[in-house]
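Asker: could you look at this predicted model? Sequence included:
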Amino acid sequence: MSAFLGPPDADGRIPAQQQTRVAAFLMSAHAAQARQLAAALPATLRQAWQLELHSQYCREMEIVSLLTRATTWVPDPQLMYMIWEWETAWLPKPIEGTADRYSGMLVDMAALGHALHAGIRPAAVLPEGVASMDPFVLTMRRIEFESGRLLQAQIVFLKGPQLAALRKEVAEAVERRHDQVRELWSTMLAGLGVGPE
């Protein structure tokens, strides 16, 4: 097993089979986050936190769009089963103890976003010698860069005073989502021969 994708081809590109699998996973995760953000958005933006939700939604959609266009796609019969597993994992799991179901959903959504943006580092699995201007490589680096920015918003919300009475439940939701995302990401990479050496 290797710690990185590849080896790159003669032009420094990641093999198309690996691009397809990694992009499908990332698209599933980020599209799920975008769907949850879209469902949480009110029709009219009246408060600062609603504007932040809209901003996060737009960034998630940008990530999905970049992956769609920058990936060299090839048929992968296993994806049909994998995507079903991934999509099931991303389903909302509102936490208990909040004043209403909407607040519980917001906490779970932020926990999932925190896990996606802190737990997945797509540029870290790129090997040396990749073509630095290859669209897939640039997209992996862009996702990692955007993740750092999006993570800050989730931290501010999850540690905010509005959730002070639910610190334990919030911490459990974040930990559960981190474990889930880490396991799915690691399993997907292991299927490509990528993992700890």
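Answerer: Alright, I've got the coordinates.
Asker: going forward, measure contacts and count neighbours with C-alpha atoms only.
Answerer: Noted.
Asker: farthest residue from the center of the chain?
Answerer: residue 10 (29.9 Å; Cα atoms, centre = their mean).
Asker: report pLDDT for that one.
Answerer: As predicted, residue 10 sits at a pLDDT of 93.
Asker: now do the SS call for it.
Answerer: coil (DSSP: H, G, I helix; E, B strand; the rest coil).
Asker: okay, it and residue 137: tell me how far apart.
Answerer: Going from residue 10 to residue 137 by Cα to Cα, to the nearest Å gives 15 Å.
Asker: show me where pLDDT drops low in this protein?
Answerer: Within the chain, the ranges that satisfy pLDDT under 70 run 197.
Asker: okay, which residue is most central for it?
Answerer: Note: the chain centre (Cα atoms, centre = their mean) maps to residue 116, 3.7 Å.
Asker: that one against residue 181, yeah?
Answerer: Yes. Residue 116 lies in contact with residue 181 (Cα atoms under 8 Å); the separation is 6.7 Å.
Asker: got the residue ranges for the helices in the protein?
Answerer: 16-40, 48-70, 79-90, 101-119, 135-158, 167-190 (DSSP state H).
Asker: between those helices, which one is closest to residue 2.
Answerer: Across the helices of the chain, residue 2 has its closest neighbour in helix 167-190 (9.2 Å, Cα to Cα).
Asker: what is the neighbour count of residue 93?
Answerer: 16 (other Cα atoms under 10 Å).
Asker: show me what contacts it?
Answerer: By Cα atoms under 8 Å, 6 or more residues apart in numbering, residue 93 lies in contact with 105, 108.
Asker: state the distance from it to residue 135.
Answerer: Distance from residue 93 to residue 135, by Cα to Cα: 35 Å.
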